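Chemist: Sequence plus predicted model, see below.
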Amino acid sequence: MRVSVFGLGYVGAVSAACLARNGHAIIGVDTNLSKVQSFNAGQAPVVETGLDELMAAGVNSGRIRATSSVEDAIHNSEASIVCVGTPSRANGSLNLDAVETVSSQIGKAIAGKKPGHLIVLRSTVLPGTVRGTVLPALERSSGRKAGEHFSVVHNPEFLREGSAIRDFDRPPMTVIGADQPTAAAMTAQLYDGIEAPLIATSIETSEMVKYADNVWHALKVCFGNEIGNVCKAVGVDSHEVMDIFCRDTKLNISPVYLKPGFAFGGSCLPKDTRAIVHLGKSLDLALPVLSAILPSNEVQIERAAKRIMALKRRRIAVLGFAFKAGTDDLRESPQIELIERLIGKGFDLRLYDQSVNLAALTGANKDYIRNAIPHINSIMVDSIEEALAHGDVIVIGNNAVEFASVPSRLDERQILVDLAGIGGKDTLGDRYDGINW
């Protein structure tokens, strides 16, 4: 393909050089004349292993050239990749000036070109940026309509400094966010021959994925460092601990526990989080990430309570109040905490959980529920039918198999609040509310 690359910094330079090596004809575009001159001389404008050689080969083959003329680049390419910076402002917000400026310049240039140009945004931007900033700027300056005269996709990069060329060739995935399948397919042609899962999704999902990735990486670094700080203080080899930790690919290094949902509970996670935070305090260690875990969990419980209370329906049925389906463990169940808050606000509740038999509870489990909800006997019911008959709002607390049919069993007056991800949006429409989906 004939491709123009806007922004000849780190991502733009690596993308241009790798695409040229793979056979595409590249026109680099930048307002910085020194970068344009470096490109035309076959010299990398940034330091990256192997990039000088790729740049020189691209120029010598005639597949790389650079210009400061937007019109030249647009009229001699069929696709444009935007790789301009999105630096932080003082308040932490993104500075989108470069993205908006380049979008306007591209729009002005495509005004005089036949329809069909593809714009691929690789810059890291928050969800809503393409639809709220890029598309309006393109349409205003071109006088044309997105989806009819030109197409826009979002295509995040996953390049690490120091290994960027290797990462370009072997990315963890190729993500293409697009409204039009034809635009997504055209973008995918840029990466022909690269072995990686190809994921086509919405523009907003594509924008958000990069942030989920980067913030997760930042969190992992801080988590590892705080565990290391505790290990150092108690004389334990932190690298050995984390080497063993990383060998667990069933739970630790896996998708488990990463799917958005309700708060955690049970006999282990709250207790052990409190214990490690207390140990840190006793050792005079600052553990801000570990210390924020339980408060964050409380926020999720409060979030659910507020969403239910905002519905202004007094009669509530809670289906599944053990912290996990298939168990009768009620210790520190977030569902129990939610129930306590709703009772305290005067709501009329009925509770159902086929796994919970109050008469069979013993020990700490029995003591916990008696202290939390001393009159639980009066609001528990024996069947799901009785619970459904009571509630104007039905709250699904865990993912017990029998709850899968609940959405289809509700009448038109009932609202479903789903804390467990059983689904039901297709059946209930606006009467379905997932806790964070």
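Modeler: On my side now, so go ahead.
Chemist: quick one: the strands in the stretch 151-300 of the chain?
Modeler: For the stretch 151-300 of the chain, the strands defined by DSSP state E, counting those that start in this stretch cover 174-178, 198-201.
Chemist: most tightly surrounded among those strands?
Modeler: Taking mean count of other C-beta atoms under 10 Å as the contact definition, the stretch among those with the greatest mean neighbour count is strand 174-178, which reaches a mean of 23. For the C-beta atoms, the positions are set from N, CA and C on the backbone; glycine is no exception.
Chemist: on that earlier part again, let's have the strands of the stretch 151-300 of the chain in TSV, adding distance to residue 125 and mean pLDDT.
Modeler: Putting those into TSV (distance: least, C-beta to C-beta, whole Å; pLDDT from 0 to 100) gives the following:
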stretch	distance to residue 125	mean pLDDT
strand 174-178	11	98
strand 198-201	15	98
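Chemist: With distance to residue 208 as added columns, please give the ones you listed in a markdown table.
Modeler: Converted to a markdown table, those look like this (distance: least, C-beta to C-beta, whole Å):
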| stretch | distance to residue 208 |
| --- | --- |
| strand 174-178 | 9 |
| strand 198-201 | 10 |
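Chemist: Residue 67 is nearest to which of the ones you listed?
Modeler: Distances from residue 67 to each of the strands of the stretch 151-300 of the chain were compared using C-beta to C-beta; the shortest belongs to strand 174-178, at 26.7 Å.
Chemist: Who are the contact partners of residue 23?
Modeler: For residue 23, the residues meeting the contact criterion (C-beta atoms under 8 Å, 6 or more residues apart in numbering) are residue 63.
Chemist: and it, how far is that from residue 190?
Modeler: In this structure, residue 23 and residue 190 are 10 Å apart, going by C-beta to C-beta, to the nearest Å.
Chemist: I'd say residue 39 and residue 46 touch.
Modeler: No. Taking C-beta atoms under 8 Å as the definition, residue 39 is not a contact partner of residue 46, at 11.3 Å.
Chemist: which one of those two has more residues nearby?
Modeler: residue 39 (29 against 16; other C-beta atoms under 10 Å).
Chemist: residues contacting that one?
Modeler: Remark: with contacts taken as C-beta under 8 Å, 6+ apart, residue 39 is in contact with 8, 13, 16, 28, 30, 45, 55, 59, 64-66.
Chemist: hang on, the earlier thing: overlap in contacts, residue 39 and residue 46.
Modeler: Overlap between the contact sets of residue 39 and residue 46, as judged by C-beta under 8 Å, 6+ apart, is given by residue 13.
Chemist: Tell me where the stretch 301-437 of the chain has strands.
Modeler: Assigned by DSSP E, counting those that start in this stretch, the strands in the stretch 301-437 of the chain fall at 315-319, 348-352, 393-396, 415-418, 432-434.
Chemist: Just put the contacts of residue 39 in TSV and tack on neighbour count.
Modeler: Putting those into TSV (neighbours: other C-beta atoms under 10 Å) gives the following:
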residue	neighbour count
8	26
13	26
16	31
28	31
30	23
45	22
55	26
59	20
64	26
65	18
66	24
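Chemist: Which one of these is nearest to residue 283?
Modeler: Sorting the contacts of residue 39 by distance to residue 283 puts residue 13 at the head of the list, at 46.2 Å, by C-beta to C-beta.
Chemist: Point out the other helices and strands that the host helix or strand of that closest one packs with.
Modeler: Take DSSP states H and E as the rule and residue 13 turns out to sit in helix 10-21. Using 3 or more C-beta pairs under 8 Å, 6 or more residues apart in numbering; DSSP states H and E as the contact test, the elements touching helix 10-21 are strand 2-6, strand 25-29, helix 51-60, strand 64-67, helix 164-169.
Chemist: out of the ones you listed, nearest to residue 91?
Modeler: When the helices and strands packed on helix 10-21 are ranked by distance to residue 91, counting by C-beta to C-beta, first place goes to strand 2-6 at 26.5 Å.
Chemist: Dump the closest one to PDB, restricted to CA.
Modeler: As requested, the backbone C-alpha atoms of strand 2-6 are provided in PDB (Å, rounded to 0.1, in the frame of the first residue of the first chain):
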ATOM      1  CA  ARG A   2       1.000   3.700  -0.300                       C
ATOM      2  CA  VAL A   3       1.000   5.000   3.200                       C
ATOM      3  CA  SER A   4       1.600   8.400   4.700                       C
ATOM      4  CA  VAL A   5       2.800   8.500   8.300                       C
ATOM      5  CA  PHE A   6       2.100  11.600  10.300                       C
END
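Chemist: Now do that strand: which elements does it pack against?
Modeler: Under the contact criterion of 3+ C-beta pairs under 8 Å, 6+ apart, strand 2-6 touches helix 10-21, strand 25-29, helix 70-75, strand 79-82.
Chemist: now do 6 Å
Modeler: With contacts taken as 3 or more C-beta pairs under 6 Å, 6 or more residues apart in numbering; DSSP states H and E, strand 2-6 sits against strand 25-29, strand 79-82.
Chemist: buried ones in the last one?
Modeler: The neighbour-count check on strand 79-82 (16 or more other C-beta atoms under 10 Å) flags 79-82 as buried.
Chemist: Same list, those residues, but as TSV with distance to residue 100 and pLDDT please.
Modeler: Supplementary listing: those in TSV, determined by distance: C-beta to C-beta, whole Å; pLDDT from 0 to 100:
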residue	distance to residue 100	pLDDT
79	20	98
80	15	98
81	17	98
82	11	98
